[in-house]
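# What would the 3D arrangement of this be:
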Amino acid sequence: MNFREYKVWQKEYLEKNPKVFRADCLNPFKSMDYLLKEIEFSSKKRDKHELYALWSEVNSIEISKENLVFSKGIRDSLGILFEMFKEKNIYIPHDIYPRYFDLAKNNKLKSFTTYPKMDWELLENLEDSVVLLTIPFTPLGRLMDEDDIVKIENLISKNNHVIIDSVYDYDLKNNFKKLEVLLKTERIFWLHSLSKTYLSPEVLGINYVPKAYKVYFKHSKNNGLNEECNFRRPYDILTQKSNFSALQSGEFQKGFDFLAENTGLDVYEREIAYFAVVNKPFEELLKYNILGVPASVFGSEREDFTVVTGLYYLSGLSE
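As a prediction, the model looks like this:
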């Protein structure tokens with residue numbers, strides 16, 4: 001089942017099985033909105049530069065003006081890059097986010113697997129291509145280690161460009177520092193947005209772009225950022241709860257603890273973010289009254305893994 005097929009099936013299944021254990025929630029905006037109850041949202045207008053300055057201060061990340069570009073979010077940023085690299089082969093993980101393929105439908109696409117382990121062997125001999133990675137590695141929730149850095153350095157040494165989608169990075173300060181050695185090569189595009197980390201979708205994408213390519217973002221028709229975007233919302237969140245990303249990570253852990261206690265599933269190999277992958281087929285979990293998400297929803301062909309989250313019960317656990 002792809003995502004759309006799964007949503008239709010899911011609705012019908014839940015109507016017939018309302019007491020199933022829900023390990024299937026993929027909507028942090030709805031499941032975690034209780035974290036915003038104490039936020040006082042103002043009507044004072046903010047612009048993207050004010051918001052970036054505050055984000056930079058809170059996360060201790062400074063991107064030079066020569067490399068900093070804004071967008072409306074990750075999808076906008078990817079749309080610009082895919083158009084820019086339309087003559088090159090682009091390698092995209094086929095088991096993470098099917099939307100990537102919609103965005104890059106006019107590109108020369110290749111794909112590689114990321115779980116149960118990253119297929120670095122397929123990538124290590126590439127030359128003059130573009131590779132898209134999610135870091136942290138999704139949906140495994142695995143952080144980048146020294147071996148990953150060596151592998152990426154090898155890609156760069158062969159005239160490849162690497163695009164890093166970091167939308168699920170809830171520990172930006174430490175993980176950005178790991179990437180600094182790679183960013184200096186001017187072959188890395190680092191994409192982030194306030195969508196997940198500050199529950200503010202389609203507001204602001206913050207990107208580190210090699211100097212030579214910055215002009216493409218400035219003139220691209222794919223960049224939907226404008227001053228009508230609601231910069232006030234994330235600004236107020238950052239001002240009143242500067243630890244909001246870490247706060248969410250703590251809530252994810254509560255959700256996974258609850259999931260493990262009630263299902264017996266091992267969900268502790270993950271390191272960050274709200275996804276986990278368990279070594280059980282989707283249909284087998286249903287036999288134990290546990291509803292997860294088939295790996296096929298993420299584009300994977302594996303039937304022996306299921307993606308689960310602890311989001312669904314978080315609101316109740318907070319009361």
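
# contacts, neighbours, all on C-alpha from now
Will do.

# Show me where the stretch 151-300 of the chain has its strands.
If you assign secondary structure with DSSP state E, counting those that start in this stretch, the strands in the stretch 151-300 of the chain sit at 161-165, 188-193, 205-208, 275-278, 290-291, 293-294.

# Ser77 and Ser71 touch, don't they?
Yes: the pair formed by Ser77 and Ser71 meets the contact definition of C-alpha atoms under 8 Å, at 6.1 Å.

# Quick check, Ser200 in contact with Cys229.
No: look at Ser200 against Cys229 with C-alpha under 8 Å: they stay out of range, at 10.5 Å.

# Looking at the two, which one has more neighbours?
Between Ser200 and Cys229, counted using other C-alpha atoms under 10 Å, the more crowded position is Ser200 (19 against 16).

# what's the distance between the more buried one and Gly73?
Applying C-alpha to C-alpha, to the nearest Å, one obtains 10 Å for the distance of Ser200 from Gly73.

# Can you show me the strands along the stretch 1-150 of the chain?
Under the criterion DSSP E, counting those that start in this stretch, strands of the stretch 1-150 of the chain are mapped to 21-22, 68-71, 89-93, 108-112, 130-134.

# how many other residues sit next to Asn207?
Around Asn207 sit 25 other residues, with neighbours defined as other C-alpha under 10 Å.

# What's opposite it in the beta bridge?
As for beta bridges, Asn207 partners with Val69, Leu191 under DSSP bridges.

# ok now the one helix or strand in the chain whose mean pLDDT sits lowest, how far from the chain's centre?
Among the secondary structure pieces of the chain, namely its helices and strands, helix 214-219 has the lowest mean (mean pLDDT, DSSP states H and E), a mean of 84. Averaging C-alpha coordinates over helix 214-219 and over its chain gives two centres that are 23 Å apart (C-alpha atoms, centre = their mean, to the nearest Å).

# now for that helix, which elements pack on it?
strand 68-71, helix 74-84 (3 or more C-alpha pairs under 8 Å, 6 or more residues apart in numbering; DSSP states H and E).
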